[in-house]
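In: Quick one: sequence and predicted model below, then my questions.
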Amino acid sequence: MSIQQLSEQIQKANHIAVLTGAGVSTASGIPDFRSADGIWEQDRSREDYMSNEYFRHNPIEFWAKYKSIFQMKLLGNYQPNAVHYFLKELEDEGKEVSVITQNVDGLHLEAGNQRTIEYHGTLKTASCPTCNTTYDHEFMMAHETPRCTTLFGSTPCGDVLKPDIVLFGDPITEHDRAEAMIDQADLLLVLGTSLFVMPFNFLPDYAKYSRNIPTAIINREATSKDYMFDYVIHGDLTEVIEELKET
Ligand SMILES: [Zn+2]
């Protein structure tokens, strides 16, 4: 289970499905929202605030907390890092690469991986629950509580926008599409996630037991699912990716 062997497996693959988590974003300086020292643990009530229920009942307070918890002011400052670009380079080499990410920072798309599923949504946009108009980050930041400006006749819609991230209590809508991507893949690569979060953490089982394709995980810490992977590498993701590129 060496890096050399994994490198050969990657070279052989035609279509790689990649599952990514917070460990990919932290190398861009983005805080890990869920890890042991991540911000959810610092204040458990944040999980209650970032819920569908809180949004429905207190949309104005929700927006203030949302912008602060996700440090929305800084969102434009973050750039893709070597891990994002590694996946883009695989695509440039002619492989099919399907990225299924739990990250909400939009950096896989920014790095250029067109086939990306943002499984938990994105911080980059917000949409109107009434008329579905989508607004960008700049609009969200320009208004304390962003409201829909679409005109119906001469009357603006006016509804408070809902962020396009999956809030606690929101349904996951991308799971079937994620499985369909894995259906086409001949290798599953899991990067920078401890696989705590359901139902995202069912996807490796799907690849392994329903599809029977080789599976690899690279993560800083051991995970409770390591046993089911063909390749398990623990270490700093950026360093491991650098080593992979050199082999
Ligand atoms: Zn609207």
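Out: Cool, got the structure.

In: unless I'm mixing things up, residue 199 is touching residue 175, no?
Out: Yes: counting by C-beta atoms under 8 Å, residue 199 does reach residue 175; the two are 5.7 Å apart. To be clear about C-beta, it is placed using only N, CA and C from the backbone, and glycine gets the same treatment.

In: Counting neighbours, what do you get for residue 77?
Out: Counted by other C-beta atoms under 10 Å, the residues lying close to residue 77 total 10.

In: no wait, residue 172
Out: 15.

In: List the contacts of it.
Out: 119-120, 166, 199-200 (C-beta atoms under 8 Å, 6 or more residues apart in numbering).

In: before we move on, what about residue 122?
Out: Counted by C-beta under 8 Å, 6+ apart, residue 122 has contacts 104-106, 164-165.

In: Out of those residues, flag the one nearest to the ion.
Out: Lowest distance from the ion to the contacts of residue 122 (C-beta to the ion) belongs to residue 164, with 14.0 Å.

In: List the pairing partners of the strand or helix carrying that closest one within its sheet, with orientation.
Out: If you go by DSSP states H and E, residue 164 is part of strand 162-165. Strand pairing for strand 162-165, using DSSP bridges, gives strand 121-127 (antiparallel).

In: if I look at residue 243, how far off is residue 219?
Out: Look at residue 243 and residue 219: by C-beta to C-beta, to the nearest Å, they are 15 Å apart.

In: What of residue 74?
Out: 25 Å.
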